[in-house]
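1. A predicted structure for the sequence below; I have some questions about it.
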Amino acid sequence: MTVKIHDRLDMQAFLRELSGMNAADGNPRMKEITHRLMSDLFKAIDDLNITPDEYWTGVAWLNDLGAAGQAGLISPGLGLDHFIDERLDAIDAELGIENPTPRTIEGPLYVAGAPESVGFARLDDGTAEGQTLIMHGVVHGADGQPLPGAKVEVWHCDTRGFYSHFDPTGKQAPFNMRRTIFADDNGRYKFQSILPSGYGVPPGSPTEKLLSALGRHGQRPAHIHFFVSADGHRKLTTQINIEGDPLINDDFAYATREGLVPSVKERTDEESIHANNLNGPFA
Ligand code: MBD
Ligand code: FE
């Protein structure tokens with residue numbers, strides 16, 4: 001038997017009531033959003049014949065998700081973070097704003113307050129195994145000119161896929177592989193770290209349970225996160241992927257974008273010392 005009651009006038013009135021449309025107080029935007037989302041949810045329950053068992057399983061899952069602090073983890077997994085970025089891109093396109101470095105999602109693992117330096121930073125504390133990684137670049141303003149003093153916040157995980165502050169083994173010092181670098185007088189930044197591995201959602205977690213019910217994995221390719229900001233400029237949130245990672249086009253968080261997979265040059269120690277002295281900070 002199929003029952004559809006969403007469109008009944010008393011249900012439409014009920015939706016308005018529960019969304020606060022009849023209340024003098026409250027926030028009009030919250031009312032509007034709640035009314036729309038609840039209306040769509042009621043309709044889905046009707047259309048899909050969602051059973052009480054299915055509904056309460058969903059409620060229990062939401063409790064587990066919140067208890068695990070994973071709302072911000074399932075969000076990119078369900079493509080919402082990517083969708084929001086696509087909307088920002090579309091708005092920029094309408095305004096005629098070009099973004100030479102594309103934006104991509106922040107993810108849930110940024111921590112404010114990382115140690116600061118000018119021009120150069122070493123991100124890792126030297127205790128973790130890993131292949132040495134050196135990255136450098138120039139921050140340009142909207143006018144295409146280098147932007148001295150621009151703030152480059154960078155964070156990434158270790159070779160086990162664990163981020164400091166979120167390491168289940170408790171092995172990393174606070175702010176390991178997290179730094180804030182202010183671009184030098186020529187707008188340049190540079191850092192040394194270790195090559196990160198990919199990330200996987202915690203095994204057995206509510207996020208992993210939903211993904212596996214969908215027949216999906218919860219893996220990300222190796223990546224490095226960035227915020228780039230400066231007075232009078234919009235903040236850029238982006239990432240790069242490590243070239244060659246097999247998951248580059250199979251990211252559970254849908255964050256890979258063309259233009260964000262720079263080429264990686266593998267160097268011997270000797271070549272590296274030479275190359276890095278050219279730009280100063282290691283001299
Ligand atoms: C991450 O490291 C990440 O960057 C995202 C988007 C989601 C989960 C873990
Ligand atoms: Fe990440």
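-> Received the coordinates, thanks. Ligands and ions are numbered 1, 2, ... in the order given.

2. According to the record, where do the domains of the chain fall?
-> 9-77, 80-277 (automatic domain parsing).

3. Distance check, residue 241 against residue 4.
-> With distances taken as Cβ to Cβ, to the nearest Å, residue 241 is found 46 Å from residue 4. Quick note: C-beta positions are derived from backbone N, CA and C, even for glycine.

4. And these two? Which one has more around it.
-> residue 241 (24 against 12; other Cβ atoms under 10 Å).

5. Bridged to the more buried one, which residues?
-> Beta bridges link residue 241 to residue 223 when assigned by DSSP bridges.

6. Residue 23: what's its closest spatial neighbour, skipping adjacent residues?
-> Leaving out its chain neighbours, the residue that sits closest to residue 23 by Cβ to Cβ, 6 or more residues apart in numbering is residue 31, at 7.9 Å.

7. and the helix or strand where the one you found lies, which residues are buried?
-> Using DSSP states H and E, the element containing residue 31 is helix 28-48. Neighbour counts using 16 or more other Cβ atoms under 10 Å place 31, 34, 35, 39, 42, 43, 45, 46 of helix 28-48 among the buried residues.

8. wait, which of the residues you listed is closest to ligand 1?
-> residue 34 (27.1 Å; Cβ to the nearest ligand atom).

9. Tell me, please, where in the stretch 151-283 of the chain the pLDDT is lower than the cut-off.
-> Along the stretch 151-283 of the chain, segments meeting pLDDT under 70 span 275-283.

10. and the residue in the chain positioned nearest to ligand 1, how many neighbours?
-> Across the chain, the shortest distance to ligand 1 (Cβ to the nearest ligand atom) belongs to residue 107, at 2.8 Å. Per other Cβ under 10 Å, the neighbour tally for residue 107 reads 21.

11. Hmm, it is touching residue 253, no?
-> Yes. Residue 107 is within contact range of residue 253, at 6.7 Å (criterion: Cβ atoms under 8 Å).

12. For the two, list the residues in contact with both.
-> 76, 81 (Cβ atoms under 8 Å, 6 or more residues apart in numbering).

13. List the beta-bridge partners for residue 200.
-> With DSSP bridges as the rule, residue 200 is bridged to residue 219.

14. So it sits against residue 220, correct?
-> Yes. The criterion here is Cβ under 8 Å, and residue 200 meets it with residue 220 at 7.4 Å.

15. residues touching residue 253, list them.
-> With contact set as Cβ under 8 Å, 6+ apart, residue 253 has these partners: 76, 77, 81, 82, 105, 107, 220.

16. Highest neighbour count among those residues?
-> Of all the contacts of residue 253, the highest neighbour tally under other Cβ under 10 Å goes to residue 220, namely 28 neighbours.

17. outside of stretch 205-222, which residues touch it?
-> Taking Cβ under 8 Å, 6+ apart as the rule, stretch 205-222 contacts 61, 64-65, 68, 70, 73-74, 77, 195-202, 241-242, 245-248, 250-253, 255-256.
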